[in-house]
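Kindly return the folded structure for what I paste below:
(one chain, ligands or ions: 1)
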Amino acid sequence: MNRRPGLPPAPRNEPSRLAALLAFEVLDTPAEQMFDTITALAAQICGTPIALISLIDAERQWFKSRVGLDASETPREIAFCAHAINGDNLFEVDDTLLDPRFCANPLVTGDPDIRFYAGIPLSDGQGHNLGTLCVIDRQPRHLNDEQRHALRLLAEQTMQLFELRLQARLQREQAALHKAMFRSAGNAVLVTDLQGLIQQTSPGVATLLGYNPEQLQGQPLELLLPQNSDQLPDDPQQPQLATLAGEGQVHEVQLRHSNGHSVPVLLTLAPISLEAQAPMGYLCIAHDLSDREEALQRLHKVAAHLPGMVYQFVQRADGSSYFPYVSQAIEQLYGLTPEAVREDARSVFARIYPDDLPAVRESVALSAASLQPWYCEYRVLHPQRGLLWVEGRSTPQRLDNGEIIWHGFINDISERKHMERLKGEFVSTVSHELRTPLTAIAGSLGLINGGALGQVPQAMAEMLSIAEQNSQRLNLLINDLLDMEKLVAGKMLLELQNEALQPLLEQAIQENQPYADRYHVQFKLHGPTTQAVVHVDKLRLAQVLANLLSNAAKFSPRDQVVDVGVQQHEARIRISVTDHGAGVPENFQTRIFSKFSQADATDTRQKGGTGLGLAISKEIIERMGGHIGFESVTGHGATFWIELDTLAQEATPESPSQPENTWNA
Ligand code: ADP
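Here you go, the predicted structure:
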């Protein structure tokens with residue numbers, strides 16, 4: 001702009017000035033009466049034939065309003081106003097022909113033959129002069145003070161009109177947006193006056209409640225509430241709406257459909273007010289909850305057919321807990337209602353049989369810490385039904401707010417427990433009754449076969465020997481059954497004492513080698529000699545070792561070795577028994593420690609055994625604080641191991657340690 005003398009320099013804040021001008025969105029808009037009134041007044045007051053509201057953009061001056069001039073814009077280079085916007089006061093040129101900046105200006109030398117110019121900048125109050133309000137004459141002249149003052153007031157008025165124009169536009173946009181939102185909202189939206197009379201309804205109201213807008217116009221909002229409704233607080237001092245309305249207040253209520261039935265909704269009521277003034281009315285938004293209600297009903301129906309209670313249990317970060325959902329069956333199991341535990345789960349824990357409560361709490365804490373599924377069997381003291389056995393299982397999930405939620409199921413297992421007890425008692429009674437005569441039979445057969453009564457006739461010898469073997473097997477089975485029942489009933493008393501492990505191992509191998517000989521199998525204890533001391537019932541440990549060794553022997557191929565090893569790891573010691581047999585079939589591995597389980601049903605006949613040995617061993621080892629397990633790859637033998645805590649080591653024996661001990665028959 002400053003390339004030639006006489007060209008006006010651009011203001012220093014030109015980029016932001018242009019941005020401010022564009023933001024008013026007035027350039028290239030049609031003429032408007034309010035601005036034309038201002039230019040008419042300016043021309044009249046100043047007594048000039050021409051008055052303009054001129055806005056200077058990057059390239060041109062454009063006239064929002066003009067009096068006495070045909071052109072709607074001129075290039076910025078020759079614009080007088082482009083000079084005027086560089087200052088904050090009136091820019092006045094009394095005679096252009098006497099002013100070297102303008103005497104050669106085409107607007108001076110040609111149409112419209114400007115001789116006089118006076119322009120006052122239009123400032124947005126932020127330091128941006130957007131253009132001018134100017135008056136022009138074809139004669140030289142000079143404005144008096146009153147004219148200048150009037151021109152300044154008119155310029156201010158012009159800017160206020162620009163502002164108002166912009167505000168009005170923004171408001172129209174907002175209104176259009178609100179209207180679109182109001183019409184398209186999935187919810188039902190109502191506007192009431194202060195008395196609660198309905199003024200406007202969104203199309204969602206017809207969809208949700210069946211009324212068309214005309215039916216509701218001017219009706220009280222209460223029309224939509226079910227008759228004799230006590231859902232909403234009733235305060236005689238205040239209109240009902242005022243008690244309900246509030247920031248973020250949400251009410252779960254039933255509204256009345258035009259056909260009479262109830263519609264569950266979430267209702268929010270917000271006062272409509274201008275800034276801090278008293279409310280003019282209320283905005284009511286009703287969010288349809290029918291889907292949720294339907295899903296809940298469906299869940300209730302399904303849950304009612306389940307043989308136990310389904311629930312969600314939540315533990316808050318502060319340790320307190322509640323049941324956000326629980327089916328009605330909680331009444332059957334705990335004698336409580338779903339409502340009673342919705343906010344606080346303490347009453348549920350209070351019904352758990354006191355002896356079982358610590359175990360339940362511990363299992364919940366463990367599940368919370370590990371996020372592993374929860375499983376627990378425990379007793380509940382039902383106020384009417386008495387003591388019940390229940391079984392609970394659920395899956396935990398951590399929520400974003402730090403709470404943990406379990407989704408699960410609890411059912412009554414009292415009947416099963418009762419049957420198990422009866423079965424246990426039956427087995428135990430029968431076993432006891434059988435044991436005495438069987439011992440006598442086995443003993444007698446032993447005496448006969450041992451020749452105590454004289455030479456057994458050849459013809460009978462084989463049959464008598466089979467009878468003796470079978471009576472011994474029966475004896476073993478009965479002993480196992482009795483052991484199992486004792487363990488389950490908690491009647492097996494263990495006499496735990498500190499014992500050196502090495503002698504126990506050596507003795508077990510020695511005592512079981514004769515059994516292994518039947519299969520032509522040899523036990524091999526690998527060194528070095530262990531100094532470990534364990535806290536065990538030595539007879540019961542011997543029983544477990546006998547079971548592992550006899551299994552290894554009977555499942556080993558002929559002429560094979562069974563390796564027995566000891567490994568110390570920190571304070572634990574592992575005793576392992578490895579055979580080179582067929583191994584444990586993969587599909588049986590998860591059941592191997594269950595009662596009466598054998599991989600192959602023919603095992604009993606072929607190899608003897610009851611399928612109880614490992615189950616008993618597991619109970620015994622766990623009651624001694626240890627663990628039992630195995631590793632096996634089908635076809636490549638099996639290693640069964642037990643792990644025990646070791647105590648302080650005993651003094652090393654004098655004798656040099658043997659690297660390897662081998663026992664033969
Ligand atoms: P049992 O008295 O029948 O041996 P156990 O409980 O000791 O009862 O063993 C259960 C079953 O586990 C056995 O019948 C057999 O199928 C399997 N089993 C145990 N030890 C071994 C082993 N060393 N190799 C392969 N299978 C084994």
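
Not counting its neighbours along the chain, what's nearest the residue nearest the centre of the chain?
Residue closest to the average C-alpha location in the chain (C-alpha atoms, centre = their mean): residue 399, at 3.4 Å. Among residues not flanking residue 399 along the chain, residue 405 sits closest, at 5.9 Å (C-beta to C-beta, 6 or more residues apart in numbering). For every residue, glycine as well, the C-beta is placed using N, CA and C.

ditto for residue 73
residue 62 (4.4 Å).

list the contacts for that neighbour?
Residues in contact with residue 62 (C-beta atoms under 8 Å, 6 or more residues apart in numbering) are 27-28, 54-55, 72-73.

Could you rerun that using 7 Å?
Counting by C-beta atoms under 7 Å, 6 or more residues apart in numbering, residue 62 touches 27-28, 55, 72-73.

What about the residues you listed, which are in strands?
The members of the contacts of residue 62 that map onto strands under DSSP state E are 55, 73.

Top of the contacts of residue 62 by number of neighbours, please.
The residue in the contacts of residue 62 with the most neighbours, by other C-beta atoms under 10 Å, is residue 55 (23 neighbours).

all helices for the stretch 551-665 of the chain, in order.
For the stretch 551-665 of the chain, the helices defined by DSSP state H, counting those that start in this stretch occupy 603-607, 613-623.

between those helices, which gets the lowest average pLDDT?
When mean pLDDT is averaged over each of those, helix 603-607 scores lowest at a mean of 55.

low pLDDT regions in the chain?
Residues of the chain meeting the criterion pLDDT under 70: 1-6, 226-248, 600-609, 648-665.

The ligand contacts on that one?
By C-beta under 6 Å from any ligand atom, the residues of the chain that approach the ligand are 547, 551-552, 555, 579, 581, 583-584, 592, 597-599, 603, 609-615, 638.

Mind checking which of those are buried?
547, 551-552, 555, 579, 581, 583-584, 592, 598-599, 609-615, 638 (16 or more other C-beta atoms under 10 Å).

out of those, which are inside strands?
The strands, defined by DSSP E, take in 579, 638 from those.

and the closest residue to the ligand within the stretch 51-200 of the chain, what is it in contact with?
The nearest approach of the stretch 51-200 of the chain to the ligand comes at residue 186, 63.0 Å away (C-beta to the nearest ligand atom). Each residue near residue 186 by C-beta under 7 Å, 6+ apart is listed here: residue 204.

buried residues in the top strand by length along the chain?
Secondary structure of the chain read by DSSP E shows that its longest strand is strand 386-398. Residues 388-392, 394, 396 are the ones in strand 386-398 that count as buried (16+ other C-beta under 10 Å).

quick one, phi psi at residue 497?
Phi and psi for residue 497, reported as degrees, to the nearest 10, are phi -140, psi 160.

Distance from the following helix or strand past the longest strand of the chain to the middle of the chain?
Going down the chain from strand 386-398, the next helix or strand is strand 404-412, by DSSP states H and E. Centroid separation between strand 404-412 and its chain, computed with C-alpha atoms, centre = their mean, to the nearest Å, is 16 Å.

other SSEs contacting the next helix or strand after strand 404-412?
Counting by DSSP H and E, the next helix or strand C-terminal to strand 404-412 is helix 414-449. When contacts are defined as 3 or more C-beta pairs under 7 Å, 6 or more residues apart in numbering; DSSP states H and E, helix 414-449 sits against strand 386-398, helix 458-488.

After the last one, heading C-terminal, what element do we hit next?
Which is helix 458-488. Downstream of helix 458-488, the next assigned helix or strand under DSSP H and E is strand 497-500.

what are the pairing partners of that next one, and which direction each?
With DSSP bridges as the test, strand 497-500 is paired with strand 533-536 (antiparallel).

quick one: buried residues of the partner strand?
Residues 533-534, 536 are the ones in strand 533-536 that count as buried (16+ other C-beta under 10 Å).

How about residue 138, nearest residue that isn't a chain neighbour?
Spatial nearest neighbour of residue 138, chain neighbours left out: residue 113 (5.0 Å); criterion: C-beta to C-beta, 6+ apart.

secondary structure element for that neighbour?
Using DSSP H and E, no helix or strand contains residue 113.

Now do the residue of the stretch 151-300 of the chain found nearest the ligand against residue 312, distance only.
Per C-beta to the nearest ligand atom, the residue of the stretch 151-300 of the chain with the smallest distance to the ligand is residue 299, at 43.9 Å. In this view, residue 299 and residue 312 are 11 Å apart by C-beta to C-beta, to the nearest Å.

neighbours of residue 144, just the number please.
The burial count assigned to residue 144 is 10, neighbours taken as other C-beta under 10 Å.

what's the spacing between it and residue 92?
From residue 144 across to residue 92, the span is 11 Å (C-beta to C-beta).

Also residue 218?
62 Å.

which residues are in contact with whichever strand or helix holds residue 325?
In this assignment (DSSP H and E), residue 325 forms part of strand 321-326. Strand 321-326 is contacted from outside by 309, 311-315, 338, 341-345, using C-beta under 7 Å, 6+ apart.

Give the buried residues for that strand.
The neighbour-count check on strand 321-326 (16+ other C-beta under 10 Å) flags 321-323, 325-326 as buried.

Could you do stretch 283-293 as well?
Within stretch 283-293, the residues scored as buried using 16+ other C-beta under 10 Å are 283-289.

Mind putting those into JSON lines with distance to residue 135 and secondary structure?
Listed next are these as JSON lines, based on distance: C-beta to C-beta, whole Å; DSSP: H, G, I helix; E, B strand; the rest coil:
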{"residue": "283", "distance to residue 135": "51", "secondary structure": "strand"}
{"residue": "284", "distance to residue 135": "56", "secondary structure": "strand"}
{"residue": "285", "distance to residue 135": "56", "secondary structure": "strand"}
{"residue": "286", "distance to residue 135": "61", "secondary structure": "strand"}
{"residue": "287", "distance to residue 135": "61", "secondary structure": "strand"}
{"residue": "288", "distance to residue 135": "64", "secondary structure": "strand"}
{"residue": "289", "distance to residue 135": "68", "secondary structure": "coil"}
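
Just give me the closest of these to residue 109.
Ranked by distance to residue 109 (C-beta to C-beta), the buried residues of stretch 283-293 are led by residue 283 at 64.9 Å.
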